[in-house]
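> Could you look at this predicted model? Sequence included:
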Protein chains: 2
Amino acid sequence: MSADDETLTARARKARVDSMQRHVLVCTAGDCPSGEAVATAMKHGVALAGARDRIGVLETLCTSICKGDGATVVVYPEGTWYGSVDVELAERIVAEHLLDGQEISDEVFLRNPLGDPPSR
Amino acid sequence: MSADDETLTARARKARVDSMQRHVLVCTAGDCPSGEAVATAMKHGVALAGARDRIGVLETLCTSICKGDGATVVVYPEGTWYGSVDVELAERIVAEHLLDGQEISDEVFLRNPLGDPPSR
């Protein structure tokens, strides 16, 4: 590992992405005004729960999938896609899915945990 | 599933995120000018290889981890973090990691595939 890599590894530790167990992507682009509010609500909820070392929230540009009425939120490693997320739903996702491990099935429009397809 | 969910599911299919096997996050924020060029190069390489149905490239805001000399790129589901990515390295990541399945170990500063920690 080079000295440069060590710098990045140290920064990763400081940003707590080395200990993350869930990485949450929040679309803050496009026409929908709620993305930034959703991202802020999720970061706030995670911090309040003392879970910043295991849950990371990352803002993204356009996921190409929304109806303009809320943010698209993706949770890895499950590959859970929530649509039309407003602040109220964002708070539920933090409490129920991220902290309690209970996906909010009614609000999910896609599940894709990635990985290789089944062998044929 | 509601009619609204069906719309989102149809859009997910159109955006090919339902068939993705790799989701690549490219930081295009901050002081580093290469993020957008890296994202463009990766999207171009994936499209040229005819792999848009299985490899998705998503631009993100700040990951909190860089040295200002290139983009941070994360590949899921492996949870491979590449630092200081320029266009040349971006093209290698597409060819070697995403298409051939061979991670470029020398350029990786963190691996975190997420998921629950080992039971204690």
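Thanks, I have it.
> Which helix or strand contains the residue most central in space within chain A?
Taking CA atoms, centre = their mean, the centroid of chain A lies closest to residue A:24, which sits 1.0 Å from it. Using DSSP states H and E, the element containing residue A:24 is strand A:22-27.
> Could you tell me which strands that strand is paired with, and in which direction each runs?
Within its sheet, strand A:22-27 is paired with strand A:55-60 (parallel), strand A:71-76 (antiparallel), according to DSSP bridges.
> which one is residue A:20 nearest to, not counting chain neighbours?
Leaving aside its sequence neighbours, residue A:20 sits nearest to residue A:56 (CB to CB, 6 or more residues apart in numbering or on different chains; 4.5 Å). C-beta here means a position set from N, CA and C on the backbone, and glycine is covered the same way.
> Isn't that neighbour up against residue A:21?
No - between residue A:56 and residue A:21 there is no contact under CB atoms under 8 Å: 9.1 Å.
> If you count surrounding residues, which of these two has more?
It is residue A:56, of residue A:56 and residue A:21, that has more neighbours when counted by other CB atoms under 10 Å in any protein chain shown, with 24 against 17.
> related to what we said a few turns ago, quick one, what contacts the residue nearest to the centre of chain A?
Applying CB atoms under 8 Å, 6 or more residues apart in numbering or on different chains, we find residue A:24 in contact with A:42, A:55-58, A:73-76, A:93, A:98.
> What does the pLDDT read for it?
Residue A:24 is assigned 98 on the pLDDT scale.
> what pairs with it across the strands?
Beta-bridge partners for residue A:24, by DSSP bridges, are residue A:57, residue A:75.
> Show me what counts as buried in the lowest-mean-pLDDT helix or strand in chain A.
Across the helices and strands of chain A, mean pLDDT, DSSP states H and E gives its lowest value to helix A:3-14, namely a mean of 87. The neighbour-count check on helix A:3-14 (16 or more other CB atoms under 10 Å in any protein chain shown) flags A:5, A:7-9, A:11-12 as buried.
> Which members of those residues additionally contact chain B?
The subset of the buried residues of helix A:3-14 within reach of chain B, by CB under 8 Å from any CB of the partner chain, is A:5, A:7-9, A:11-12.
> Save those as JSON lines, and put in distance to residue A:32 too.
Output for these, formatted as JSON lines (distance: CB to CB, whole Å):
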{"residue": "A:5", "distance to residue A:32": "37"}
{"residue": "A:7", "distance to residue A:32": "36"}
{"residue": "A:8", "distance to residue A:32": "33"}
{"residue": "A:9", "distance to residue A:32": "35"}
{"residue": "A:11", "distance to residue A:32": "31"}
{"residue": "A:12", "distance to residue A:32": "30"}
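> Read off the pLDDT value for residue A:1.
64.
> let me redo that: residue A:58
According to the model, residue A:58 scores 96 on pLDDT.
> Now for it: which residues touch it?
A:23-26, B:25, B:60-61, B:63.
> do that again at 6 Å, thanks
Residues near residue A:58 by CB atoms under 6 Å, 6 or more residues apart in numbering or on different chains: A:25, B:60.
> separation between it and residue B:26?
Distance, residue A:58 to residue B:26, by CB to CB, to the nearest Å: 12 Å.
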